[in-house]
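In: Sequence first, predicted coordinates after that:
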Amino acid sequence: MGVIHKIGRRKTAVARVYVSEGTGVITVNKKAFETYFPTATLQYKVLQPMSMTENVTNFDVKVNVYGGGSTGQAEAVRMALARVMCEVNAENRAVLKPQGLLTRDPRMVERKKFGQKKARKRFQFSKR
């Protein structure tokens, strides 16, 4: 099989995933998967594409991820892993596509406008 390389993105986070056949070891930025994503919610998000296709213990995963926050990084890794699962077996696409795991979430942070406090919040106007 060799090594499969895919990229996933979410907000400003970018995840590069390298998957090879193995025993199910996942390392993220040279750390154990459980220490990099400590909460159960983030761990579930990352493992979702592999558990849906029943490949949790079949592959070793090495991840380089940067940018954004922890949730954005977890969702970027999830997208990259979903893309890998589709390349491993084309039938996995039918399982992952309805859950929205192959769709890039286009939402980004709106920029702050000049003359305003934040992107949409304005300074208070007082009439005296």
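Out: Okay, I see it. Numbers count the residues shown, from 1 in each chain.
In: Same question for stretch 83-92: list its buried residues.
Out: Applying a neighbour-count criterion of 16 or more other C-beta atoms under 10 Å, one finds 83-86, 88, 92 buried in stretch 83-92. From N, CA and C alone the C-beta is placed, and that goes for glycine too.
In: Equivalent analysis for stretch 66-78, please.
Out: Those would be 68, 71-78, for stretch 66-78 by 16+ other C-beta under 10 Å.
In: Residues touching that stretch, excluding its own?
Out: 8-15, 17, 28, 37, 42, 45-46, 48-49, 63, 65, 101, 105 (C-beta atoms under 8 Å, 6 or more residues apart in numbering).
In: Give me the subset of those residues lying in strands.
Out: 8-10, 13-15, 17, 28, 63, 65 (DSSP state E).
In: Spell out, range by range, the helices that occur in the chain.
Out: Assigned by DSSP state H, the helices in the chain fall at 33-36, 40-52, 70-88, 93-96.
In: Pick out the residue closest to the middle of the protein.
Out: A76 (1.9 Å; C-alpha atoms, centre = their mean).
In: N92 and R83 touch, don't they?
Out: No - at 10.1 Å, N92 and R83 do not qualify as touching, with contact defined as C-beta atoms under 8 Å.
In: Check the gap between R111 and K11 for me.
Out: 14 Å (C-beta to C-beta, to the nearest Å).
In: which of these two has more neighbours?
Out: K11 (17 against 7; other C-beta atoms under 10 Å).
In: wouldn't that one be in contact with M108 here?
Out: Yes - using C-beta under 8 Å, K11 is in contact with M108, at 6.2 Å.
In: circling back to that earlier point, ok, for the residue nearest to the centre of the chain, nearest residue in space, not its chain neighbours?
Out: A15 (3.9 Å; C-beta to C-beta, 6 or more residues apart in numbering).
In: And for L81?
Out: Counting by C-beta to C-beta, 6+ apart, L81 lies nearest to P49, which is 4.5 Å off, once chain neighbours are set aside.
In: what's near enough to touch that neighbour?
Out: 78, 81-82, 84-85, 96, 101.
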